[in-house]
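# A structural model of the following input is requested.
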Amino acid sequence: MSKRAGRSLKASPAGINQVKNSLRNFGSKLALADELEISRATVQKFFVGKPIGRENFHKICQRLNLSWQAIADLPAEDESFQEFLCDTSFDLTAVVNEWRQKARLHIESRCGMVRVLDMSQPIDLNDIYTNVNILEKITGRRRLGIAELLQNCGVQDFERFGLSGVTEKRVPGLEAVKRYSKLMVLGKPGAGKTTFLKYLAMQCIEGNFQANRVPLFITLKEFAEAPGQPELLTYLSLWDGHLARPRNGADRMSTPQDVSMLKILHKGRALLLLDGLDEVREEDTKRVLRQIQDFSDQFHTNQYVITCRIAAKEYTFERFTEVEVADFDEEQIAIFAQNWFRSQENPSPTLPELAGRE
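Next up is the predicted model:
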């Protein structure tokens, strides 16, 4: 099975009739363009069956409550592929369980151990992890007037001038992920963004969180610098569940394993954890951003969590909700310190040591 369609799509004659009918319930083409912040020319091309960008095609179809696959004029190969994806005889639950089993060793080896501060060796994530809280309003984007800045600026607050008594509502990290299907987690260096992402992966693979999905942990810097600059879909297809890195392979989706991964993505049964957007090299940034945007648009029913350092750059993903990792409160500091000293007294065995015991 060859690589999927290019970067543009057009509506089929039958699809045009469907979108025109749906437009009657919505209003006008002008209103549609304004709401989606798409040029009027692009919307006009869509309604007359001319090619437009895949992302805009998906956005228009979604706003009109239509399946883009049903509207698009797909080549015969893609039509047969879509028929396969919609085949109800395909045992999705069995495939998801199979992939979860394949992914377990990779997730445990990649996410089950962490090294923080001055540790000489990694320790078990569960031994040190402290539940994080999320701020739904980014502190660096707060806009305060002079009166508000001066309201609480006593001597005790001097070091945090203008930020004293930060009382933004805190939400438990897991609750934020449950609430938003597409999440951009921002945070200061060392705030625990990667650790939180690893915790999500471990909770998922252990069946404690979104047990009906396959966790896919991707370090974006590694993806960006992968040989041949593969598409994100291809990069995922090259994962071997028994290894901690992608295997080598041709840039194609052809094996039963590849097809089953596509089925999982198409049905929204993946938890995609994309770590370290700010660590991607400058020359790779634009390509990686486009890849994430296109992928999350094409497979929009999956769960996405991206981490990025706050204020590193201005990244905008239209369908992603941005939140920030909150600083630890006193209780969290005490829990972390307790876990830290306990781990130093009883360090966890390393993976090679565990393997040697078997």
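# buried residues in stretch 180-200?
Buried residues in stretch 180-200, counted by 16 or more other C-beta atoms under 10 Å: 180-187, 191-200. The C-beta positions use only the backbone N, C-alpha and C, and glycine is treated the same way.
# Quick check: end-to-end length of that stretch?
14 Å (C-alpha to C-alpha, to the nearest Å).
# Stretch 269-280 too?
27 Å.
# rewinding a little: out of the buried residues of stretch 180-200, which sit inside helices?
Judged by DSSP state H, the subset of the buried residues of stretch 180-200 located in helices is 193-200.
# can you pull out the helices in the stretch 1-150 of the chain?
13-26, 29-36, 40-47, 54-63, 68-71, 76-85, 92-111, 125-128, 146-151 (DSSP state H, counting those that start in this stretch).
# buried residues in the first one?
If I follow you right, that is helix 13-26. 15-16, 18-19, 22-23.
# Test my guess that Cys308 contacts Asp278.
Yes: Cys308 lies in contact with Asp278 (C-beta atoms under 8 Å); the separation is 4.9 Å.
# out of those two, which sits in the busier spot?
Neighbours were counted for Cys308 and for Asp278 using other C-beta atoms under 10 Å; Cys308 has more, 22 against 18.
# Relative to Tyr304, how far out is the closest residue to the more buried one other than its chain neighbours?
With C-beta to C-beta, 6 or more residues apart in numbering as the criterion, Cys308 has its nearest non-adjacent residue at 4.0 Å, and that residue is Leu277. The spacing between Leu277 and Tyr304, counted by C-beta to C-beta, to the nearest Å, is 12 Å.
# Can you give me the separation between the spatially closest residue to Asn126 that is not a sequence neighbour and Tyr235?
Spatial nearest neighbour of Asn126, chain neighbours left out: Met202 (7.7 Å); criterion: C-beta to C-beta, 6+ apart. Counting by C-beta to C-beta, the gap between Met202 and Tyr235 amounts to 22 Å.
# Flag the shaky bits of the stretch 251-358 of the chain, pLDDT-wise.
For the stretch 251-358 of the chain, the stretches with pLDDT under 70 are 251-259, 311-315, 328-329, 332-333, 335-337, 339-358.
# what are the ranges of the strands in it?
Taking DSSP state E, counting those that start in this stretch as the test, the strands found in the stretch 251-358 of the chain are 270-275, 303-309, 321-325.
# you'd agree the residue nearest to Asn126 is up against Gly112?
Yes: here Met202 lies in contact with Gly112, judged by C-beta under 8 Å, at a distance of 6.0 Å.
# which residues do the two both contact?
Residues touching both Met202 and Gly112 (C-beta atoms under 8 Å, 6 or more residues apart in numbering) are Leu125.
# How about the contacts made by Lys29?
23, 40, 43-44, 47.
# for the closest residue to Ala72 other than its chain neighbours, what are its contacts?
Spatial nearest neighbour of Ala72, chain neighbours left out: Leu9 (4.8 Å); criterion: C-beta to C-beta, 6+ apart. By C-beta under 8 Å, 6+ apart, the residues touching Leu9 are 51-52, 54, 57, 68, 72-73.
# show me the residues around Lys10 that make contact.
Here Lys10 is in contact with 46, 49-52, 57, 72-73 (C-beta under 8 Å, 6+ apart).
# Relative to Leu273, which of those residues is nearest.
Phe57 (27.2 Å; C-beta to C-beta).
# Quick check: that closest one vs Arg40, distance?
16 Å.
# From the neighbour counts alone, determine which of those two ranks first.
Applying other C-beta under 10 Å to Phe57 and Arg40 shows that Phe57 carries more neighbours, namely 22 against 12.
# if I look at Asn131, how far off is Gln69?
40 Å.
# Ser260 reaches Ala94, doesn't it?
No: judged on C-beta under 8 Å, Ser260 makes no contact with Ala94 at a distance of 9.6 Å.
# and these two? which has more neighbours close in?
Ser260 (18 against 10).
# Who are the contact partners of that one?
By C-beta under 8 Å, 6+ apart, the neighbours of Ser260 are 95, 98-99.
# Now render these as TSV, adding distance to Glu225.
Formatted as TSV, the contacts of Ser260 follow (distance: C-beta to C-beta, whole Å):
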residue	distance to Glu225
Val95	30
Glu98	30
Trp99	25
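# which among those residues gets closest to Phe217?
Trp99 (13.4 Å).
# ok, and the closest non-adjacent residue to that closest one?
Val214 (4.6 Å).
# per-residue pLDDT, the one you found?
Per-residue pLDDT puts Val214 at 95.
# how about the helices of the stretch 1-150 of the chain in JSON lines, adding distance to Leu272 and mean pLDDT?
JSON lines is the format used below for those (distance: least, C-beta to C-beta, whole Å; pLDDT from 0 to 100):
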{"stretch": "helix 13-26", "distance to Leu272": "29", "mean pLDDT": "86"}
{"stretch": "helix 29-36", "distance to Leu272": "24", "mean pLDDT": "90"}
{"stretch": "helix 40-47", "distance to Leu272": "28", "mean pLDDT": "94"}
{"stretch": "helix 54-63", "distance to Leu272": "17", "mean pLDDT": "84"}
{"stretch": "helix 68-71", "distance to Leu272": "20", "mean pLDDT": "78"}
{"stretch": "helix 76-85", "distance to Leu272": "18", "mean pLDDT": "53"}
{"stretch": "helix 92-111", "distance to Leu272": "12", "mean pLDDT": "89"}
{"stretch": "helix 125-128", "distance to Leu272": "19", "mean pLDDT": "70"}
{"stretch": "helix 146-151", "distance to Leu272": "39", "mean pLDDT": "55"}
